[in-house]
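Enquirer: sequence and predicted model, in that order:
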Amino acid sequence: MSTRLRRRDFLGVLAAPALMRGMPTPKIKDVSVIATAPGGLRLVVVKILTDQDGLYGYGCGTFTQRADLVVEAVNRYLRPLLVGRPADAIGDLWEAMYNSSYWRNGPVLNNAISGVDQALWDIKGRQAGMPVYELLGGKCRQGAMIYSHASGAEIADTLDSARKIMARGIKAVRLQVAVPGYAAYGAGQRRPATGDPVFDPYAYVRRTLQLFEAGRKELGPEVHLLHDVHERVPPRLAVQFAKALEQYNLFYMEDALAPEDIDYFREIRKNCTTPLAMGELFNSPHEWNMLIRERLIDYIRVHVTQAGGLTPSWKLATMAEAFQVRTAWHGPGDVSPIGHCANVTLDLVCRNFGIQEWSPSNERIDEVFDGYPQMKDGYLLANEKPGWGVEINEKAAAKYPFGSFENGERKDLNGGWGVVRTPDGTVINQ
Ligand code: MG
């Protein structure tokens, strides 16, 4: 058989699903980007139009710290690659996008790919008249248990915040507290008048152990407690910290190590049973495969768009299931409502779901995005509409451009998080 014949057969297979339903394959007519910051954080959403009337989709490609670059990657590189191609061959298009840059696995390109990938899943769901979770086999649970963030300047403030969260029926709370005289992740950055914020890892560990001693005592044995180290301590201190936290029976300790230091998870495992979550900075299987295969973590905590969207994240969840590693997809405010829908979709269809980080919506976000997943009694629910079930008011989105402006000039072109230093002036992980 000639190469030409084989290729024609292959394309025939790609077109078969739509033809079998007696409808033409939708073709990608245009790809554009909606860049908006209604909640203050830069959100990037890809919109794909097809050649079929009223059939379109949205996907999240939010990398808030370098959002402008994702917009460029979609407009300059992915759009020309995609226009005219069949919209229903999601896996094929994912591989084409992933391989087209030759150098790959970076967060900018992965987020751009994710925007397209999720938009294609949205299109497929809208075409089928089904939520995406139905396309993945249907729900294996009705709601996804969430956790919310409690923080404060003092330990008593954090615990008050936790009590308010628990009063809403939420069963898991992440506790963070400020460290007097220093910056601390998740509890408000104390920025000095001049110079960069200073973080002392040893003062942070001592203070956080006091927080959990008081937290477990005052909040009781039943509530699930979590903590995010945010990769800020040296590896050996992280091992000691995990061991010292063991007595407080955490649901998990998050990002105890930086991605560069993951070999030290073996040391933590040897020394204690504190459950471990890792991975919000991961880009690819090169980073998570070893941790899962050797059962060095309990929860994989990838930012779905950073990994390239729903398609690779679904595969990651399936791989993790075989090793009893559960999912805890990254879900703070720098995920768009489309991305939150992708998270809850995976939560509902994957048997090895663990917990979902959750950020509530607000009036301005709801003005732009209609369909944000709702939380009830501590569980996140799908919105039950076809695709992701989210519609975007593009006029409202345009009211909230990226950045702050002074005399018509944008002031935050860096878009990053600045620098944090140890007391001797060394720059550390954010
Ligand atoms: Mg985190």
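Expert: Good, I have the coordinates. Numbers count the residues shown, from 1 in each chain.
Enquirer: what's the weakest-modelled helix or strand in this structure?
Expert: Here the helix or strand of the chain ranked lowest by mean pLDDT, DSSP states H and E is helix 3-20, holding a mean of 45.
Enquirer: who touches the following helix or strand past that one?
Expert: Downstream of helix 3-20, the first helix or strand assigned by DSSP states H and E is strand 28-36. By C-beta atoms under 8 Å, 6 or more residues apart in numbering, the surrounding residues in contact with strand 28-36 are 42-51, 58, 61, 67-68, 70-71, 74-75, 78-79, 82-87, 115-116, 368, 392, 394, 397-398, 400-402. Where C-beta positions appear, they are placed from N, C-alpha and C, glycine not excepted.
Enquirer: so residue 380: helix, strand or coil?
Expert: Using DSSP: H, G, I helix; E, B strand; the rest coil, the structure places residue 380 in strand.
Enquirer: without its sequence neighbours, what residue ends up closest to it?
Expert: residue 144 (4.4 Å; C-beta to C-beta, 6 or more residues apart in numbering).
Enquirer: for ChimeraX, what selects the buried ones among the contacts of strand 28-36?
Expert: The command below creates a ChimeraX selection of those among the contacts of strand 28-36 that count as buried (16 or more other C-beta atoms under 10 Å):
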select :42,43,44,45,46,47,48,49,50,58,61,67,68,70,71,74,78,79,82,86,87,115,116,368,392,397,400,402
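Enquirer: out of the contacts of strand 28-36, which sit inside helices?
Expert: Among the contacts of strand 28-36, the members found in helices (DSSP state H) are 67-68, 70-71, 79, 82, 115-116, 368, 394, 397-398.
Enquirer: tell me which of these is nearest to residue 262?
Expert: The closest of those to residue 262 turns out to be residue 70 (C-beta to C-beta; 25.8 Å).
Enquirer: isn't the closest one right next to residue 43, touching?
Expert: No: counting by C-beta atoms under 8 Å, residue 70 stays clear of residue 43, with 10.3 Å between them.
Enquirer: need the residues touching each of the two.
Expert: The contact sets of residue 70 and residue 43 overlap at residue 62 (C-beta under 8 Å, 6+ apart).
Enquirer: and the strand or helix carrying residue 346, what does it pack onto?
Expert: Using DSSP H and E, residue 346 sits within helix 337-349. Other helices and strands packing on helix 337-349, by 3 or more C-beta pairs under 8 Å, 6 or more residues apart in numbering; DSSP states H and E, are strand 56-60, helix 107-128, helix 132-135, strand 144-152, helix 310-322, strand 356-357, strand 379-381.
Enquirer: next one: it to chain centre, how far?
Expert: Relative to its chain's centre, helix 337-349 lies at 10 Å (C-alpha atoms, centre = their mean, to the nearest Å).
Enquirer: show me what contacts the residue of the stretch 151-300 of the chain found nearest the ion?
Expert: Nearest residue of the stretch 151-300 of the chain to the ion: residue 228, at 4.3 Å (C-beta to the ion). The neighbours of residue 228, taking C-beta under 8 Å, 6+ apart as the test, are 174, 176, 185-186, 254-255.
Enquirer: is it true that residue 417 touches residue 65?
Expert: Yes: Residue 417 is within contact range of residue 65, at 6.4 Å (criterion: C-beta under 8 Å).
Enquirer: tell me which of the two has more neighbours.
Expert: Neighbour tally, residue 417 and residue 65, criterion other C-beta atoms under 10 Å: the higher count belongs to residue 65, 15 against 10.
Enquirer: show me the shaky parts of the stretch 1-150 of the chain.
Expert: The model of the stretch 1-150 of the chain has pLDDT under 70 over residues 1-22.
Enquirer: by proximity to the ion, which residue of it wins?
Expert: residue 149 (9.9 Å).
Enquirer: against residue 358, how distant is that residue?
Expert: Going from residue 149 to residue 358 by C-beta to C-beta, to the nearest Å gives 9 Å.
Enquirer: cool, residue 260 as well?
Expert: Distance from residue 260 to residue 358, counting by C-beta to C-beta: 29 Å.
Enquirer: just to revisit the earlier point, wait, the residue of the stretch 1-150 of the chain closest to the ion sits on residue 170?
Expert: No: taking contacts as C-beta under 8 Å, residue 149 lies outside contact range of residue 170: 10.4 Å.
Enquirer: what's the helix or strand for residue 375?
Expert: Residue 375 is located in strand 374-376, with elements delineated by DSSP H and E.
Enquirer: so who does residue 124 touch?
Expert: With C-beta under 8 Å, 6+ apart, residue 124 has these contacts: 57, 87-88, 90, 132, 135, 387.
Enquirer: ok, back up a step: pick out whichever of residue 149 and residue 358 has more residues nearby.
Expert: When residue 149 and residue 358 are compared for neighbours, residue 358 comes out ahead with 23 against 20, by other C-beta under 10 Å.
Enquirer: would you check how far apart the more buried one and the ion are?
Expert: Here the criterion is C-beta to the ion, to the nearest Å. By it, residue 358 lies 13 Å from the ion.
Enquirer: residues contacting residue 417?
Expert: Listed by C-beta under 8 Å, 6+ apart, the contact partners of residue 417 are 65, 430.
Enquirer: pLDDT at it, what is it?
Expert: Listed pLDDT for residue 417 reads 75.
Enquirer: SS state for it?
Expert: At residue 417 the chain is in coil, as set by three-state DSSP.
Enquirer: now it: how far from residue 133?
Expert: 33 Å.
Enquirer: contact residues of the stretch 101-250 of the chain facing the ion?
Expert: Counting by C-beta under 5 Å from the ion, the stretch 101-250 of the chain comes close to the ion at residue 228.
Enquirer: between the two ends of stretch 379-399, how far is it?
Expert: For stretch 379-399, the first-to-last residue distance is 32 Å (C-alpha to C-alpha, to the nearest Å).
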